[in-house]
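Engineer: Predicted model and sequence below, questions to follow.
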Amino acid sequence: MVDYACFRTSPNCRVPFATFLEHSRVWPGFEERSVRFMTRLLERSGLGEETCLPYAQHYIPPSRDLESSRAEAELIIFSAIDDLLAKTGISPQDIDILVVNCSLFAPTPSFTDMIINRYKLRKDVRNVHLSGMGCSAGLISVGLARNLLQVAPKGAHALVVSTETITPNYYMGQERAMLLPNCLFRMGGAAVLLSTNGAKARFRLARVVRTLTGAQDGAYHCVYQEEDGRGNVGINLSKDLMSIAGDALKANITAMGPLVLPASEQLLFALSFMARKVLSGRIKPYIPDFRTAFEHFCIHAGGRAVIDELQRSLTLSDEQVEASRMTLHRFGNTSSSSLWYELAYVEAKGRMRKGDRVWMIGFGSGFKCNSAAWECIRPAANADGPWATCIHRYPVDIPDVLKH
């Protein structure tokens, strides 16, 4: 990886809790019980008062038209790419591969066409727009770009862009299972430049491991876009989501472990596996200590419960999940780009060192658990990035229930 850049949110897009709830009360589409439910969600969400929503969501009622949706996508994507091009000094004409992921908004022409037109990319650029892949799509895009680079000429460059468009996907109904995304998802995006030329690289991509559990009906339906009884479209989050995510994580770490863990941890895991077979599962499975394989952990900031569950499952310290909790607090759930905000946090705090290993873990609809292992070649020279104006205030204490 040559470098990466995250969209920097603007203060005039900020949505404090009071503003969010006032808008919800003023608009007649939400009943009072729905507003009370969203209030309880926000108070326990782990989000702070500086998360941002696109301009169209500041209207009463929120605008969800095509023009506003496209405007949000262009603002985030072009801002991130402009920042990345400025940091790397690369010309758009040197980009050979373009991969973009956005799950819930796939207009025509596609996002890749939009970028090609804006930056006048070469007519032979290989381009793919991934949609419907959920919050883990960022690592899917990285894996796809890596595969395309392996068959491209040496020194080729791949641009990966990850985002989610909030504007057309704001749920306007009363179903509680579909109101949660309104409270958690916020605007954000990231652009990443990959290359087979390591001369200017800052990170080396060591592994990408993908786990898909979609063959199981419960996993397939646990994050599901559908209409409610009144015809309002939204994302239904199943009450079994955390259990399904835990199973997907176990499958993913079973595949990742042998690739990254030291021999001592692999031996303990193998002995535990055999003992469970002999004793018919009467002993607890051994969870490998991934702290022996990685110095930094970037866990998808999907919500407080997601981070809590992974911290417990992987026996991580508060500092090791700090990047995820602070990203959720400052930026909210930015979907597939959240991992890059977390990496930016670690670098902005000055904790990254040459040779440090980073584990990115993403979850998404389908249901998927994808992970990537990186090795730092050259840490960032400064804290410039999405945290530049606020890193001095972090970490902050996040209460179990926020009083506002």
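Structural biologist: That came through fine.
Engineer: hey, which helix is longest across the protein?
Structural biologist: If you go by DSSP state H, the chain has its longest helix at helix 66-88.
Engineer: Now the helix or strand just after that helix: buried residues?
Structural biologist: Heading C-terminal from helix 66-88, the first helix or strand you meet, by DSSP states H and E, is strand 97-101. Counting neighbours by 16 or more other Cβ atoms under 10 Å, one finds that the buried residues in strand 97-101 are 97-101. In this view, the C-beta of every residue, glycine as well, is placed from N, C-alpha and C.
Engineer: Show me the two of these that sit farthest apart.
Structural biologist: Pairwise distances across the buried residues of strand 97-101 (Cβ to Cβ) peak at 13.7 Å, for the pair Ile97 and Asn101.
Engineer: same for the longest helix of the chain, what does it pack against?
Structural biologist: strand 3-6, helix 111-119, strand 157-163, strand 189-195 (3 or more Cβ pairs under 8 Å, 6 or more residues apart in numbering; DSSP states H and E).
Engineer: Looking at these, spot the one closest to Ala177.
Structural biologist: strand 157-163 (24.6 Å).
Engineer: And the closest one, what's buried?
Structural biologist: Quick answer for strand 157-163 (16+ other Cβ under 10 Å): 157-163.
Engineer: and if you look at stretch 265-280?
Structural biologist: Quick answer for stretch 265-280 (16+ other Cβ under 10 Å): 265, 269, 272.
Engineer: Among those, which ones are in helices?
Structural biologist: Those of the buried residues of stretch 265-280 lying in helices (DSSP H): 265, 269, 272.
Engineer: Now do the first one against Tyr286, distance only.
Structural biologist: Plainly put, Glu265 is 9 Å away from Tyr286 if you go by Cβ to Cβ, to the nearest Å.
Engineer: What are the contacting residues of stretch 347-360?
Structural biologist: Residues from elsewhere that reach stretch 347-360 (Cβ atoms under 8 Å, 6 or more residues apart in numbering): 139, 203, 206, 260, 290, 293-298, 339, 342-343, 346, 371-380, 383, 385, 387-388, 391, 394.
Engineer: Straight-line length of that stretch, end to end?
Structural biologist: End-to-end span of stretch 347-360 (Cα to Cα, to the nearest Å): 14 Å.
Engineer: same thing with stretch 54-68?
Structural biologist: Stretch 54-68 has an end-to-end distance of 9 Å (Cα to Cα).
Engineer: So which of the contacts of stretch 347-360 are in strands?
Structural biologist: Judged by DSSP state E, the subset of the contacts of stretch 347-360 located in strands is 203, 206, 296-298, 371-376.
Engineer: related to what we said a few turns ago, got CSV for the buried residues of stretch 265-280, with distance to Glu49 and pLDDT too?
Structural biologist: Conversion of the buried residues of stretch 265-280 to CSV gives the following (distance: Cβ to Cβ, whole Å; pLDDT from 0 to 100):
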residue, distance to Glu49, pLDDT
Glu265, 41, 87
Phe269, 43, 78
Ser272, 45, 80
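Engineer: And these, which is closest to Pro399?
Structural biologist: Closest approach between the buried residues of stretch 265-280 and Pro399, by Cβ to Cβ: Glu265, at 35.4 Å.
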